[in-house]
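In: predicted model and sequence below, questions to follow.
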Number of protein chains: 2
Amino acid sequence: MIYDVLVIGAGVAGLTAAHKLRALLPNASLLVLEASGRVGGRTLTEKVKVCPEDERNTNTEEEDKFDLGGQWVASGQRHVIDLLSQLDLSTFPQYTTGLKVMQLGGDTVRTYSSDIPSLGSLWALIQLQWFIWKAERLAGGTSILDPGNSHHAHQLEGETVHSFLHKSVSNVAVIQAIDVACKAAFGTDASRISLLYFLAYANAAGGVMKLFEAKRDAAQEARVKGGTQQISHILAERIGIQNLIFNQPVVEVQQSTEDGDTVTIVTKNGARYVARRVILSTPPNQLIKIKFDPPLPPYKRLACENLPMGHLTKFIVVYRKAFWREKGYSGEIVSNGGGPLGDVGGVTCGPLSVCYDATTHSGTPAIVGFIAGRQGIEWHNKTKEEREQGVIKGLCTMLGEEARQYVTYIEKIWSDEPYVGGCPVGFGVPGVTYTLPHLRLPFLRLHFAGTETATEWTGYISGAVQSGERAALEVTHALHPGTLTKEQLRGTCHDAFSLPQLGVTSWKDSRTLSDLFFVAVVVVVVIVAVVVARW
Amino acid sequence: MIYDVLVIGAGVAGLTAAHKLRALLPNASLLVLEASGRVGGRTLTEKVKVCPEDERNTNTEEEDKFDLGGQWVASGQRHVIDLLSQLDLSTFPQYTTGLKVMQLGGDTVRTYSSDIPSLGSLWALIQLQWFIWKAERLAGGTSILDPGNSHHAHQLEGETVHSFLHKSVSNVAVIQAIDVACKAAFGTDASRISLLYFLAYANAAGGVMKLFEAKRDAAQEARVKGGTQQISHILAERIGIQNLIFNQPVVEVQQSTEDGDTVTIVTKNGARYVARRVILSTPPNQLIKIKFDPPLPPYKRLACENLPMGHLTKFIVVYRKAFWREKGYSGEIVSNGGGPLGDVGGVTCGPLSVCYDATTHSGTPAIVGFIAGRQGIEWHNKTKEEREQGVIKGLCTMLGEEARQYVTYIEKIWSDEPYVGGCPVGFGVPGVTYTLPHLRLPFLRLHFAGTETATEWTGYISGAVQSGERAALEVTHALHPGTLTKEQLRGTCHDAFSLPQLGVTSWKDSRTLSDLFFVAVVVVVVIVAVVVARW
């Protein structure tokens, strides 16, 4: 049979697309093909033993659910918030009460309560604030739809976040703070990320600090009660589970058909599926493994080849009680593992980068954290037992010896996940961010979804939802032109390139201005302080 | 049957390995599997019509052979020079007599006869010389075997060639000169290449300028009479053509066999081959498409994922007479296409980057050139006719209107070549050059060849030869331990990590020193000049 639409991938993007298509085209024949044996993609909610072994007989509620994949949503993420409400799922805020703990620029462990780490000296704080200021200004002027058309894009494109950082600041703790932030947000080191990509990505989230914070409107604001994989489970149910086929890795996509009006999908086991339109929600780093006939256009191929996935291992440590809360800590940790800047391999460092309180809505105390970037790969090479010991040792250093009395340690190495190959997001390497718009452009009868193609909250669950909805609109328009309003088509690829370019700023100008402005502010503050002190 | 050795890939690396194994282990059973239908990999020699149509009846010698892939060798490239002599192939020098033509930093076309472009002003020349000086010093101190262990590797690693260049120089023509040089050497823009990778790569060739020049010992010194694909053809004959099977793209490599002592190779058509040892000469960007069971170790995977192939289209324009020689030109052209620096897309620019005289040993006059990097992708999106017109227009601008009277235009878009995916080399993106040694490390019963794994002339034909020989030695040692001498094993992966690290230099130190030294030299020269003028 010839399906109207095939959706490849049963993650949030693919299932959102299928769900939306069900609503837009109720009579269309629709099939979802998933490479793995489960729904959810980069979301994964697992049951975990939460009760110590010696107490299991007396305790009935022995398990709780934890997110081993994407876990946060924010009130400003309109696409996922809308979807959660449609699916009757609710959220609860990330716990942030109390002191944060940091270990940057050396072995010293410090606590702080502000949004950004205090870093041990006023000079470091000024440098960090300066860097954030510059980055925010540049991000605000970077086009999300077409980063390569931002002013001075060519200059920004040839820089990594690392090279830009080293140009701007000298303090080791500040450099480590930004590197750790990149590790948590992208799963990789600042040295691998295109500055232009970073700026566009931050702008798509509403600003640089939105990526890193856990307060209102920021990326780590809230969690989904019962876990985020429910989004995909409920979507799959609504689409009709009989319309999903699992274990169907796509190996070939043929559009050179004789009739010229269908797409044939060949899966690894040789099965063939034919459809009028196909939505591919496959991550870019996996798309490049598929054979396309005719081949994908050069710019799209280049975009996919240059969005490698971050290297992130996520761990959850379950405790009997939230001892850190009792000690006045929020559970938030920022660390480079405790080693010096030179030890980039993390060989002598511990595995920690960023941790948060992960206590569930039903009250099971836990800490969640990430082993990421080069440090993550180094620790990936060790055994699970070594990682477990490393994490617990790190938590003891940061939160106290009580951390040793844990109930369960679980982890997920996303780089080992077949058909995903990493987490949280395919990030842009330098020199090719100008190809980004091509990622979401349709190619003949193929449409492309996935959080990497999003223009709001790229890389997050919300971006996946946005991309799925867009792809569904594109396919609807393609199969039944004229049924959608101009308003509905806004933001789809039928429209994206006609949208006015966002305001852009000048790289050199803004750098000079913001630097001078910052210096001026510091000078004024110092003068005022001196005057006040004398008076 | 169980083969002793399977070699994957019938390019120079794979065939050299098989050829060497034939000598080392004459009784071993050996099979070479090639994904495509031909030998040669990134070398390709094609017959081209060389006589104008109206003269074909009167001219008997109507065809000549041109290299559409790798074409140069150098007297310092000991591995390929040795092999050529074994195969009774001879070389002839690249034609360099006469003036070179350049168009950088604007529309103006200039001629020069020195090694480096004159760039229109003394200040530009000083800046270029300064940059080369700094790069040479840093390159000389970068470890080839393990770039990540070079001094201040972390700093260099987070820089692109572009960001380093923009830090060092301000002149537009100089920036364009380095960018064009990168395009010719790597097929990509300076903004995509890790500075650390660039330095290690240059050191493996004996210095930065060796990559870019056509004089003695440099990369473009000489050509092979009759074309470089002959290397593979003759090797295949000597191995025995019955021991090669074509059209066998590998999709799976299984080492989790029950007996624990063999490797099973599954090809796309479902054929299975079993061997005791396997040499994979597949380029890294293609290795990542193969399913490995067990998976490749994390560092090796990361290395492969981050060596994307350059984007290079090679063209040859055949003429009736070498009019440029008559006009006093060498045929060497350096151009950014004629557009301003800002036009990085090359949309308004011509396609040219670097050209050379390509007159064959039998005397057919021709020009060879490259359309590369972002400009190459932009022109890849156009039709062949548009590219042909663009190239001829560019040659007219650079060499004169005589360029319009050409006989034949042929081109090869290497990015479209299946199982290769680009040319000339998989280059390192920032942040992961430390993984490079893992590229050549064996994994269980797999050994790895290919020019990207070489430590001398990485990326060149000679590097492919070196890597093939190394892999053959490794397999010989693995199958028959003790048969090779310690001397023979030097440089193999049984030895590589015990080799002493090469001398390394300090990034900060060398930068400061070379800058100060350079300024001092300039000051002294100026003073001397003034004194001489007054005197």
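Out: That came through, no problem.
In: all helices of the stretch 1-150 of chain A, in order?
Out: Taking DSSP state H, counting those that start in this stretch as the test, the helices found in the stretch 1-150 of chain A are A:12-24, A:78-86, A:122-140.
In: out of the ones you listed, which is the most enclosed?
Out: By mean neighbour count, with neighbours taken as mean count of other C-beta atoms under 10 Å in any protein chain shown, helix A:12-24 ranks first of the helices of the stretch 1-150 of chain A at a mean of 26. C-beta coordinates here come from the backbone N, C-alpha and C atoms, glycine included.
In: lowest-confidence stretch among the helices of the stretch 1-150 of chain A?
Out: For those, mean pLDDT drops lowest on helix A:122-140, to a mean of 93.
In: and the next helix or strand after that helix, how far out from the chain middle?
Out: Once the chain leaves helix A:122-140, the next helix or strand it forms, by DSSP states H and E, is helix A:153-157. When C-alpha coordinates are averaged (C-alpha atoms, centre = their mean, to the nearest Å), helix A:153-157 and its chain have centres 23 Å apart.
In: keeping just the C-alphas, turn helix A:153-157 into PDB.
Out: Extracted C-alpha coordinates of helix A:153-157, given in PDB (Å, rounded to 0.1, in the frame of the first residue of the first chain):
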ATOM      1  CA  ALA A 153      28.900  36.100  10.800                       C
ATOM      2  CA  HIS A 154      32.100  35.100   9.100                       C
ATOM      3  CA  GLN A 155      34.200  36.400  11.900                       C
ATOM      4  CA  LEU A 156      32.000  34.700  14.600                       C
ATOM      5  CA  GLU A 157      31.900  31.500  12.600                       C
END
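In: and it, does that touch chain B?
Out: Yes. Judged by C-beta under 8 Å from any C-beta of the partner chain, helix A:153-157 comes into contact with chain B through A:154, A:155, A:157.
In: of the residues you listed, buried ones?
Out: Among the residues of helix A:153-157 next to chain B, those classed as buried by 16 or more other C-beta atoms under 10 Å in any protein chain shown are A:154, A:155, A:157.
In: ok, the last one touching residue A:436?
Out: Spelled out, it's residue A:157. No. Residue A:157 is not in contact with residue A:436 according to C-beta atoms under 8 Å; the separation is 10.8 Å.
In: give me the common contacts of those two.
Out: Residues touching both residue A:157 and residue A:436 by C-beta atoms under 8 Å, 6 or more residues apart in numbering or on different chains: residue A:148.
In: okay, now the domains of chain A?
Out: What automatic domain parsing lists as the domains of chain A is A:2-41+A:228-307+A:431-498, A:45-96+A:311-416, A:118-213+A:519-534.
In: for those, give me TSV that also has distance to residue B:535.
Out: As requested, those are exported to TSV (distance: least, C-beta to C-beta, whole Å):
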stretch	distance to residue B:535
domain A:2-41+A:228-307+A:431-498	52
domain A:45-96+A:311-416	53
domain A:118-213+A:519-534	45
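In: so which of the ones you listed is nearest residue B:485?
Out: With C-beta to C-beta, the closest approach to residue B:485 among the domains of chain A belongs to domain A:45-96+A:311-416: 32.6 Å.
In: check the offset of that closest one from the chain's centre.
Out: For domain A:45-96+A:311-416, the distance to the chain centre is 16 Å (C-alpha atoms, centre = their mean).
In: show the pLDDT at residue A:385.
Out: pLDDT recorded at residue A:385 is 97.
In: relative to residue A:490, which of the buried ones among the residues of helix A:153-157 next to chain B is nearest.
Out: Residue A:490 lies nearest to residue A:157 out of these, by C-beta to C-beta, at 28.0 Å.
In: against residue B:441, how distant is that closest one?
Out: Distance from residue A:157 to residue B:441, counting by C-beta to C-beta, to the nearest Å: 33 Å.
In: for residue A:202, same thing?
Out: Using C-beta to C-beta, residue A:202 is found at 37 Å from residue B:441.
In: who are the packing partners of the helix or strand where residue A:464 lies?
Out: Assigned by DSSP H and E, residue A:464 belongs to helix A:461-479. If contacts are counted by 3 or more C-beta pairs under 8 Å, 6 or more residues apart in numbering or on different chains; DSSP states H and E, helix A:461-479 sits against strand A:2-8, helix A:12-24, helix A:78-86, strand A:272-280, strand A:446-448, helix A:486-489.
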